[in-house]
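Visitor: have a look at this prediction, sequence included:
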Amino acid sequence: MNQIVTLTAELTADSASRTISGKIVPLNVEAGSTNYGKVIFASGSIEIPDAKSIKLLSQHDVKKPLGRAVSFVESENSIDAVFSISRSQRGTEALILAEEGLQSGLSIGAEVLKSKIKDGVTYVSAARLVEVSLVTEPAFKSAQVTDIAAEEADKVEEAVSETQPTESEIANVENTTPAVEATPVEAPAVEAARPTVSMAYTKPRIEITAAKYAENTIRAALGDEDARQYLRAADDTSDNAGLVPTRQLQEIINPLGTTIRPSIEAISRGVLPDAGMTFEIPKITAMPTVAVAAENAAFSDTDQNSAYLSVDVKKYAGQQTFSVELLDRTSPAFFDELVRNMGAAYAKATDAAVNAAIITGASLDATTTATYPTAAELLGVVARGAASVYSATLGLSNPFARNMIVNTSQWSNIMTLNDSGRPIYTASQPQNAGGSVSPTALQGNVAGLNLYVTPNTASGTDTDGSILIVNPDAYTWYESPNYRLRAESTAAGQITIGYYGFGAIATKVGAGAFKNNKA
């Protein structure tokens, strides 16, 4: 099934004609950070239907349209667009936010039809534009607003005043709760405009009704100070329960999921064959020999032998089932977060599988060390590991160990290693340091090896393999693009979203990795 990918660029707004224009996506060179990771679009890869059919939304919320596209122009390096902004209050606020640089990004939603992954970057060769949104932070740093056009001040004020409700409309609000929720006022804007209130004041006697509260909420957003005073006085939840709304921010707190895969990054990558659940790689198992031979003596005679290394393809899959009510009535943020979290779960499962395969194939250090090795013991592991890996991978194009993979417990220990109190790997003067390890980064350098810290494996300290010395060419991860699959079960009234992909870890030279031997 095709993927929907969102990525952002930056814009310009023009107030005279109520237009916003700018680069919506660079082509060929700049990798943008999207909900599917880093993406590069090729020239001619994005199919754009009739411009008027493309809406400009606010923050990818289909319930918050701002305007429509006027035109799209594709050059060799980018696609630029012009959007006509609605005369609604939301449209006017969008022009103001763009002019003030508070929302200076354009984000596209595109249906990916054809792509391939190389070195962690998705290269898109065919896609279809679905929508464009005005956003706060663009994924593509080069895609900024370039022009903002609004009408003269008197016309803008007229347009704003036209959005204010009539008396009859306000009266209707009193009896219709959804109308209060549907006012075009952004809650954060009202909160931001509210000054600090001293706790020592006399509360005025005011009439508090749902209609009055709705009216003053609108007027406060338009700058009416009397309306703001009304809201401050009305914000006594003990006296006016139900009239003071509880706002929900768009940000989502998620301390659980991450899409990083350090163990996979520490080894080589390959493209998964297009068919089959196994594939084979020829491997030399015996070398011919050459030896000193006396005159008229027979040559050293040892046959070269080879065999096929068989690699199994595994499926990594997960799903979530939910009701059609949740599908139809939830915020779009639910689906964004759901897909991101399923991607994080996929990343954790594949990274853990690769880490386990390296531990299984790695040579065990003949020397035991403490659970948390001292500085001298750690250098011993590195030295013995480097020699062992070199001997095992002499035939590879680069036979040297270049990477070290550790779990979070070993990462913590490495940062404590010191020489008479002076940190060895977190030194403030790096010219005297034995490497570079930071509590703010999961990559660094230890004794000449590139350090990779994986949070995707158990951080326990009682097993071998919490420190791995690796020649990345000895292990290769083969992977297909990830897929999303949605199926509806009408009988049960439920929706199932599945996320899956295929991957294979090839242990080309098991002894190309070396693991610590815990005492």
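Guide: That came in fine, so what should we check first?

Visitor: from now on I want contacts and neighbour counts done on CA atoms only, so please keep to that.
Guide: Fine.

Visitor: what about P455, neighbour count?
Guide: 20 (other Cα atoms under 10 Å).

Visitor: domain ranges for this structure, per the record?
Guide: 3-155, 166-234, 262-355+479-501, 363-474+509-518 (automatic domain parsing).

Visitor: out of those, which gets the lowest mean score?
Guide: Mean pLDDT is lowest for domain 166-234 among these, at a mean of 50.

Visitor: about what we covered before: in TSV: the domains of the chain, plus distance to P255.
Guide: Shown next, in TSV, are the domains of the chain (distance: least, Cα to Cα, whole Å):
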stretch	distance to P255
domain 3-155	17
domain 166-234	24
domain 262-355+479-501	11
domain 363-474+509-518	13
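
Visitor: for T246, find the nearest of the ones you listed.
Guide: For the domains of the chain, distance to T246 was read as Cα to Cα. The smallest value, 9.5 Å, belongs to domain 166-234.

Visitor: where do the helices sit along this protein?
Guide: 89-99, 153-162, 167-175, 177-181, 187-193, 210-221, 225-234, 262-265, 324-329, 332-361, 375-392, 408-416 (DSSP state H).

Visitor: nearest to V311, out of those?
Guide: Across those, closest to V311 is helix 332-361 (Cα to Cα), at 12.0 Å.

Visitor: show me what that closest one is packed against.
Guide: helix 262-265, strand 314-323, strand 494-507, strand 513-518 (3 or more Cα pairs under 8 Å, 6 or more residues apart in numbering; DSSP states H and E).

Visitor: okay, the angle between that helix and strand 314-323?
Guide: 150 degrees (axes from the mean of the first three to the mean of the last three Cα atoms, to 10 degrees).

Visitor: buried residues in helix 332-361?
Guide: Neighbour counts over helix 332-361 (16 or more other Cα atoms under 10 Å) mark 339-355, 357-359, 361 as buried.

Visitor: ok, now which ones touch A352?
Guide: S263, N456, T457 (Cα atoms under 8 Å, 6 or more residues apart in numbering).

Visitor: next one: L113 from G343, what distance?
Guide: Distance of L113 to G343, given as Cα to Cα, to the nearest Å: 19 Å.

Visitor: which residues sit against stretch 276-289?
Guide: 273, 300-314.

Visitor: report the two of those residues separated the most.
Guide: Longest span within the contacts of stretch 276-289, Cα to Cα: S300 and K314, 43.8 Å.

Visitor: distance of the residue lying farthest from the centre of the chain from T302?
Guide: Within the chain, the residue lying farthest from the chain centre (Cα atoms, centre = their mean) is N296, at 69.6 Å. To T302, N296 is 18 Å away according to Cα to Cα.

Visitor: could you do K314 as well?
Guide: 38 Å.

Visitor: same question for D328.
Guide: 71 Å.

Visitor: what sits closest to N450 if chain neighbours are left out?
Guide: Using Cα to Cα, 6 or more residues apart in numbering and skipping residues adjacent in sequence, the residue nearest N450 is N403, 4.6 Å away.

Visitor: ok, the one you found - how many residues close by?
Guide: 23.

Visitor: list the residues that contact it.
Guide: A266, L449, N450, L451, Y452, I469, V470, N471, P472.

Visitor: just the residues you listed now: which is nearest A51?
Guide: A51 lies nearest to A266 out of these, by Cα to Cα, at 44.7 Å.

Visitor: contacting residues for the closest one?
Guide: A266 touches N403, M404, I405, Y452, V470, P472, counting by Cα under 8 Å, 6+ apart.

Visitor: quick one: end-to-end length of stretch 353-367, please.
Guide: Per Cα to Cα, stretch 353-367 runs 26 Å from first to last residue.

Visitor: residues touching it, excluding its own?
Guide: Residues contacting stretch 353-367 (Cα under 8 Å, 6+ apart): 263-264, 381, 384-385, 457, 465, 468, 475, 477, 505, 507, 510-517.

Visitor: now the two most distant members of the contacts of A266.
Guide: Y452 and P472 (12.0 Å).

Visitor: so which of these two has more stuff around it?
Guide: Y452 (26 against 22).

Visitor: so that one is in contact with V446, correct?
Guide: No. Checked against Cα atoms under 8 Å, the pair Y452 and V446 is beyond contact range at 9.9 Å.

Visitor: which neighbours do those two have in common?
Guide: M404.

Visitor: you'd agree F400 is up against A474?
Guide: No. With contact defined as Cα under 8 Å, F400 does not reach A474; the gap is 10.1 Å.

Visitor: looking at those two, which is more packed in?
Guide: When F400 and A474 are compared for neighbours, A474 comes out ahead with 24 against 21, by other Cα under 10 Å.

Visitor: what's near enough to touch the more buried one?
Guide: Counting by Cα under 8 Å, 6+ apart, A474 has contacts I267, S268, T393, T507, K508, V509, G510, G512, A513.

Visitor: would you format those residues as CSV with neighbour count and distance to V290 included?
Guide: Converted to CSV, these look like this (neighbours: other Cα atoms under 10 Å; distance: Cα to Cα, whole Å):
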residue, neighbour count, distance to V290
I267, 20, 33
S268, 16, 32
T393, 22, 20
T507, 23, 29
K508, 19, 25
V509, 18, 24
G510, 21, 26
G512, 31, 25
A513, 32, 29
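
Visitor: can you add distance to L249 and give those residues back as a markdown table?
Guide: Putting the contacts of A474 into a markdown table (distance: Cα to Cα, whole Å) gives the following:
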| residue | distance to L249 |
| --- | --- |
| I267 | 40 |
| S268 | 41 |
| T393 | 54 |
| T507 | 47 |
| K508 | 50 |
| V509 | 51 |
| G510 | 50 |
| G512 | 50 |
| A513 | 47 |
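
Visitor: so between K314 and T302, which is more surrounded?
Guide: Using other Cα under 10 Å as the criterion, K314 and T302 rank with K314 on top: 15 against 11.

Visitor: hey, what's A126 bridged with?
Guide: With DSSP bridges as the criterion, A126 is bridged to K114.

Visitor: okay, now it: neighbour count?
Guide: Neighbours of A126 (other Cα under 10 Å): 18.

Visitor: let me see the contact set for it.
Guide: G44, S45, I46, E47, V112, L113, K114, S115.

Visitor: what of L66?
Guide: K55, L56, L57, S58, I85, S86, R90, G91, A94.

Visitor: ok, and the closest non-adjacent residue to the first one?
Guide: What it means is K55. Nearest to K55 is R68, by Cα to Cα, 6+ apart, at 4.4 Å.

Visitor: what distance do you get for that neighbour to I79?
Guide: 16 Å.

Visitor: and what of A98?
Guide: 19 Å.

Visitor: who's more crowded, these two?
Guide: A98 (27 against 19).

Visitor: wait, the more buried one sits on T92?
Guide: No. With contacts counted by Cα under 8 Å, A98 stays clear of T92, the gap being 10.0 Å.

Visitor: in the stretch 1-150 of the chain, what residue spans correspond to strands?
Guide: According to DSSP state E, counting those that start in this stretch, the stretch 1-150 of the chain carries its strands in the segments 3-14, 19-26, 32-34, 37-41, 46-47, 55-58, 61-74, 78-85, 105-118, 121-135, 145-149.

Visitor: could those go into JSON lines alongside distance to G501?
Guide: Listed next are the strands of the stretch 1-150 of the chain as JSON lines, based on distance: least, Cα to Cα, whole Å:
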{"stretch": "strand 3-14", "distance to G501": "13"}
{"stretch": "strand 19-26", "distance to G501": "27"}
{"stretch": "strand 32-34", "distance to G501": "19"}
{"stretch": "strand 37-41", "distance to G501": "15"}
{"stretch": "strand 46-47", "distance to G501": "24"}
{"stretch": "strand 55-58", "distance to G501": "32"}
{"stretch": "strand 61-74", "distance to G501": "29"}
{"stretch": "strand 78-85", "distance to G501": "31"}
{"stretch": "strand 105-118", "distance to G501": "13"}
{"stretch": "strand 121-135", "distance to G501": "15"}
{"stretch": "strand 145-149", "distance to G501": "37"}
